[in-house]
Structure formats: C-alpha cells, structure tokens
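# could you look at this predicted model? Sequence included:
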Amino acid sequence: MAPARPFAKCAFGLRCRRSQVTTSDTAEPDEQRLTQSFALRQGLAVGIATGLYGISCGALAVAAGLSTWQAMATSLLLFSGGSQFAFFGVIGAGGAPIAAVATSTLLGVRNAFYSLQMASLLNVQGVTRVLAAHLTIDESTAVAVGQSDQRQARIGFWATGISVFIFWNLMTLLGALLGDAMGDPRAYGLDAAAAAAFLALLWPRLNGGDPLATAALAVLLTVVSAPFVPAGIPVLIAVAAALLVGLRPSKVCAP
Amino acid sequence: MWIAVLGACALSFLLKFSGYVVPERYLQRPWMQRVIPLLPVALLSSLLVTQAALSSGGTLQIDARAAGIGVAVMALWLRAPFLVVIVAAAITAAVVRML
C-alpha cells in the first residue's frame, strides 16, 4: 500500500506550494484511515531510525570537548543534526566558538525554507506554531511532503517531529554518557566517525552536477586555505563554493 | 562555551521560526532558491575534508581516518543505515591505529 505521492519529487525541494496539497474529503473512510495510520507509522519509523544515531551525536559532542549538559542543550534546543555535528566539528578541530556558531547557523538556513513550506501546510498559531517551528527539520519536512493529502501530511509532520525529538534526545544522553566513560576518543576512531557523519549527511545531496561541482570547489577552498587561517575559518570560506556555483552567470541567465 | 551553545540554539530556532512569520516573498527570491540547496553541500564537504584529511596545523594528512572514510563510502554505496556507516568508519580507523 504505497501512498500516492503527487509531489514526492519535490521532497526537500523549494517549490512545493499549498495548492498542490489536496484535502482528503473525497477519500473513502477506510482508505483514509489506512493512509493516516501509514503516515503515523512512517513518522515513527523515521523517528526511531533517526533517533538512534543521536548516540553518535552525544558521543561526538563530548569527544569535541563539550560537557554532557552542553551536548544535551544542543539536542534539546538546537535540534538539527547537521548543525549539531558541524558545531562539534569546528570546536573539535580547535576552532573559535564564534566560528562554530556561524557554521552551525549557516547549515541551519535550509530549515527556514522547510518552515516556509510547513507554514502553509500546517497553518498553526501561537504555542503550536512555536512547537512546529522547533520540530521543523529535514526528517519531519520530508515525511510531510511525501504524503498525498494535507491531513496525512500534518500527521506525518507531527509524528516524525515528536518521535525524532524524543529518541534523538534519549540517544544523545546515552551517547554523551558513553563518550564520557570511554576516554581517548581517537583510540575508538571517533574522529573518523565524525568525518563519516559529515559524509553520510552529504551523500544524498550529491545528486547532480551543481552539488558535485560545489562539493569539489568547497574541498579545494578548504585544503588551500586551511594552512593559513585559524581553525574553523576554512569552512566559512568554503561557503563561497555554493555562491559561485549557484550564482554563476550562465545559470543566472538561463530561462 | 555555554554562550556559543545557547547562541547557536537561539539562531537555529530563529531560522526555523522565520518561515512561519516572514512573508513568503522575502524567502522565495530566485537567487536564494539556487544557493540555499548548495549551502549544506559546501559546508558538509568542507567539514568532511577538515575532519578526515587535515592535520591540526591545517596541512593535508592521510592517516587512519582516510581508511575509515573509505569504508564509509563503501557502506553508503551499499545503502547501509547512518549508524552502520559511522560505526564501520570508527572501527576501521581504530583497527588501523592498532596495527
């Protein structure tokens, strides 16, 4: 019982609009119940799978020199895996805290675009809106836009967001406590684990010529600049790769 | 460090909240739509090479971490889950260091 996916191809894309979301008024009751429970189960499955790797988040945080409480603060309050890993990566490499904040924030810019998509879908106000904003991340957005109607999309969003939040925080705590108990992080290959985390987050995004060109240019800028600037700065220099590839003249002039 | 942690948390929330309160037209500029999807690619690529192949002085250094990343690439190729990829990379690097 694969769900209809009228705009699955724009998952993570920025062109999804409210007009594409149809209501389920015309669906048969049985069918409706089935597909709703599908959105709920899909959300829970994504929540558990994503939450599990919160253990690496906690472990890498303490390996980078953060306390268990600071690791927990990022999972409870920052709550965006990529940004958290980036923050720990810059601190772990000896970068200045301000560089870590800048990197983590730049990596979180995509959440603003997810929230734009979710705003018209969820139509929330007040406290619910604050909660929805906090739960607006890669996973909740992907599950929501993968549903075939607005009701299911809402169920998918909340089920995914809430279950990721719960499991992510539990596993971060476990990871931080384990990391604290382990001692020298290098002996366990935790520095390679941090690199692998960035690779795994990057992998699904390398889906075309522009992303590949951006990645290659970013690597080049980083390697060339790293010996000459303080730790944490090369990653900010590498942002130029996204600007150069995204704004290159041929692209801008194309229809 | 606490200031940085809480600052990053506050900025993260502001970004997530902005789409719910800022009029759509401010966030839907064509140039933004081209650059925004590439931002994570540039940042993650840079963080990857820094974490995997640079020494603390910023020079290229190929060591046990590179072996871990090699195994991680294979795991991703085989569509292994995130946690499997990370654990495989860690074990590989740890084993290479013991040799």
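Looks like it arrived, so ask away. Numbering: from 1, shown residues only, chains lettered A, B, ... in the order given.

# name the element A:Ser163 belongs to?
Assigned by DSSP states H and E, A:Ser163 falls within helix A:150-182.

# now do the contacts for A:Leu206.
Neighbouring residues of A:Leu206 by CB atoms under 8 Å, 6 or more residues apart in numbering or on different chains: A:Leu212, A:Ala215, B:Val41. To be clear about C-beta, it is placed using only N, CA and C from the backbone, and glycine gets the same treatment.

# by neighbour count, which of those wins?
The most crowded member of the contacts of A:Leu206, judged by other CB atoms under 10 Å in any protein chain shown, is B:Val41 (27 neighbours).

# pretty sure that residue is touching A:Ala218, no?
Yes - using CB atoms under 8 Å, B:Val41 makes contact with A:Ala218 at a distance of 7.1 Å.

# okay, and the common contacts of these two?
Common contact partners of B:Val41 and A:Ala218 (CB under 8 Å, 6+ apart): A:Ala241, A:Ala242.

# hey, which helix is longest across chain B?
Secondary structure of chain B read by DSSP state H shows that its longest helix is helix B:2-21.

# need the contact partners of that helix.
The contact list for helix B:2-21 (CB under 8 Å, 6+ apart) reads A:66, A:70, A:73-74, A:77-80, A:83, A:87, A:91, A:97-98, A:100-101, A:104-105, A:108-109, A:111-119, A:124, A:129-130, A:132-134, A:136-137, B:27.

# isn't there a helix covering B:Gly58?
No - read with DSSP: H, G, I helix; E, B strand; the rest coil, B:Gly58 is coil and lies in no helix.

# low-confidence ranges in chain B?
Along chain B, the model assigns pLDDT under 70 to residues B:27.

# scratch that, the stretch 1-150 of chain A is what I was asking about
Residue ranges of the stretch 1-150 of chain A with pLDDT under 70: A:1-36.

# who touches the residue in it positioned nearest to chain B in this structure?
Nearest residue of the stretch 1-150 of chain A to chain B: A:Ser115, at 2.8 Å (CB to the nearest CB). A:Ser115 sits next to A:Ala133, A:Thr136, B:Leu15, B:Lys16, B:Phe17, B:Ser18, B:Gly19, B:Tyr20 when contact means CB under 8 Å, 6+ apart.

# ok, now with 6 Å
A:Ala133, A:Thr136, B:Lys16, B:Gly19, B:Tyr20 (CB atoms under 6 Å, 6 or more residues apart in numbering or on different chains).

# so which of the residues you listed wins on neighbours?
Within those, A:Thr136 tops the neighbour count with 30 neighbours, counted by other CB under 10 Å.

# quick check: that residue is in a helix.
No - A:Thr136 is assigned coil when assessed by three-state DSSP, not a helix.

# my read is that it contacts A:Gln117, right?
No - checked against CB atoms under 6 Å, the pair A:Thr136 and A:Gln117 is beyond contact range at 8.9 Å.

# chain center to the longest helix of chain B: distance?
With CA atoms, centre = their mean, to the nearest Å as the basis, helix B:2-21 stands 18 Å off its chain's centre.

# do stretch A:181-189 as well
Offset of stretch A:181-189 from its chain centre (CA atoms, centre = their mean): 26 Å.

# so, in contact with chain B or not, it?
Yes - under the criterion of CB under 6 Å from any CB of the partner chain, stretch A:181-189 makes contact with chain B via A:Tyr188, A:Gly189.

# thank you kindly, that will do.
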